[in-house]
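Q: Here is the input, now give the coordinates:
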Amino acid sequence: MEKRRIRIDKIVKGYKVFNSDWTCRDKQYTCPGTFEENVSLDICYQGMHFCRKAIDCFCYYTFDPSNHVAEVIAYGNIKERDNKCCTDKLKIVRELSWHEVLDVVNIGKNCTGMKNTGNRNSGNHNAGNWNSGSCNTGNQNSGNWNTGDLNSGSWNTGDLNIGAANSGSRNSGNWNTGMYNSGDKNTGNRNSGCGNSGNWNSGSWNSGDWNKTNYSSGCFNTIEPRITFFNKESSWTYGDWLASDAKSLLDKIPTENFGWVNFENMTKEKKEANPKAETTDGYLKVIKPKVSVQEWWENLYPTNKDAILGIPNFNRKIFKEITGIDVGEIESYNAKKE
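A: Numbering: from 1, shown residues only. Down below sits the predicted model:
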């Protein structure tokens, strides 16, 4: 009897993950076993799928020890795209133990997570040791995306941070550059307030040290300082200005905006006017406001104009020099003509 020989055009070794009952996409498999499908291969739709690298399989399956992971060999017709392959002929060689899987998907040793280059990580994507969080460069982090050690918060550059996004150490607050800050967004050390550039401030937004108030640029202050308007002293604090209707209105002055236009969406005229756009694959378009600042002023309600004209020490000449708005000859309860 003549023995039939199967011509193998291509062989690709890889890995495949199965559900706990050895099914995948409603097809029942066995291990070991050889399977064929008479289909037109279409990645993600038709054919038996696998990956060359075991770690890539977990882009499509949860990293769960209840799933089966097996070494496979594909032969015959094979299609490949990105990190995924499909074939019409697949041989399941053997199942990997979960310990083997952990060794394959990690460079480090004794990890229970995946894609770790350090050792004994239960999280994923760590370059360091003993991390229960993920994507850390350092050791013993329970948070994520840290560069440093022993951080329980995330996105920190430093050590022993409980808060997040700190550049420094031992911060329980967030977004700090410094050490021992319990407040947020401080540049300095031991601030319990927020937004300080200095040290030991219990108030906020101070530029100095040991301030128990806000918006101070000195040291050991308990009273919020008054600020100048139009080059003169006023009775207002910066906190008063922030809470004022005038500031809220002036924040809405129309200004130029910018938007990116891709090269393929540019007109011939725009391409000629922006010769570097082909290299940069587009250009930054200046978007003019629909109305000018002067038109914006003219369209304000009288009460809103009064709120702006009521800024302490209001000076029309200085206001026009800075904003471009001519308030005209309008008189208000606190406006003075030059």
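
Q: where exactly do the helices run in the stretch 1-150 of the chain?
A: In the stretch 1-150 of the chain, the helices defined using DSSP state H, counting those that start in this stretch lie at 54-57, 98-105.

Q: ranking those by burial, who's on top?
A: helix 54-57 (a mean of 20; mean count of other C-beta atoms under 10 Å). In this view, the C-beta of every residue, glycine as well, is placed from N, C-alpha and C.

Q: State the distance from the residue lying closest to Ser66 once chain neighbours are set aside to Met48.
A: Spatially, and ignoring its direct neighbours in sequence, Ser66 is nearest to Ser20 (4.8 Å; C-beta to C-beta, 6 or more residues apart in numbering). For Ser20, the distance to Met48 equals 19 Å [C-beta to C-beta, to the nearest Å].

Q: If you count surrounding residues, which of those two has more?
A: Met48 (23 against 10; other C-beta atoms under 10 Å).

Q: per-residue pLDDT, that one?
A: pLDDT for Met48: 95.

Q: Now do the same contact list for it.
A: Met48 makes contacts with 16, 24, 27, 35, 37, 74, 86-88, 90, as judged by C-beta atoms under 8 Å, 6 or more residues apart in numbering.

Q: Of the residues you listed, just say which sits nearest to Glu321.
A: Cys86 (69.1 Å; C-beta to C-beta).

Q: so how far does stretch 173-192 reach from one end to the other?
A: Length of stretch 173-192, first residue to last, C-alpha to C-alpha, to the nearest Å: 8 Å.

Q: Other residues contacting it?
A: 153, 158, 163-172, 193-202, 204, 209.

Q: tell me, how many neighbours does Glu80 end up with?
A: The burial count for Glu80: 15, using other C-beta under 10 Å.

Q: For Glu269, see how far away it is.
A: Taking C-beta to C-beta, one finds Glu80 at 44 Å from Glu269.

Q: Now do the contacts for the residue sitting nearest the centre point of the chain.
A: Nearest to the mean C-alpha position of the chain, counting by C-alpha atoms, centre = their mean, stands Trp155 at 10.0 Å. Taking C-beta under 8 Å, 6+ apart as the criterion, Trp155 is in contact with 143-146, 164-165.

Q: that older thread, which one of the helices of the stretch 1-150 of the chain lies nearest to Ile325?
A: From the helices of the stretch 1-150 of the chain, taking C-beta to C-beta, the stretch that ends up closest is helix 54-57, at 59.9 Å.

Q: Centre of the chain to that closest one, how far?
A: Relative to the mean C-alpha coordinate of its chain, helix 54-57 is positioned 25 Å out (C-alpha atoms, centre = their mean, to the nearest Å).

Q: what sits up against it?
A: Applying C-beta under 8 Å, 6+ apart, the external contacts of helix 54-57 come out as 15-17, 50-51, 69, 83-84, 96, 101, 104-105, 114-115.

Q: Could you tell me which of those belong to strands?
A: Counting by DSSP state E, these place 15-17, 50, 69, 84, 96 in strands.

Q: tell me the domain boundaries of the chain?
A: The chain breaks down by automatic domain parsing into domains covering 11-103, 257-287.

Q: Cool, thanks, talk later.
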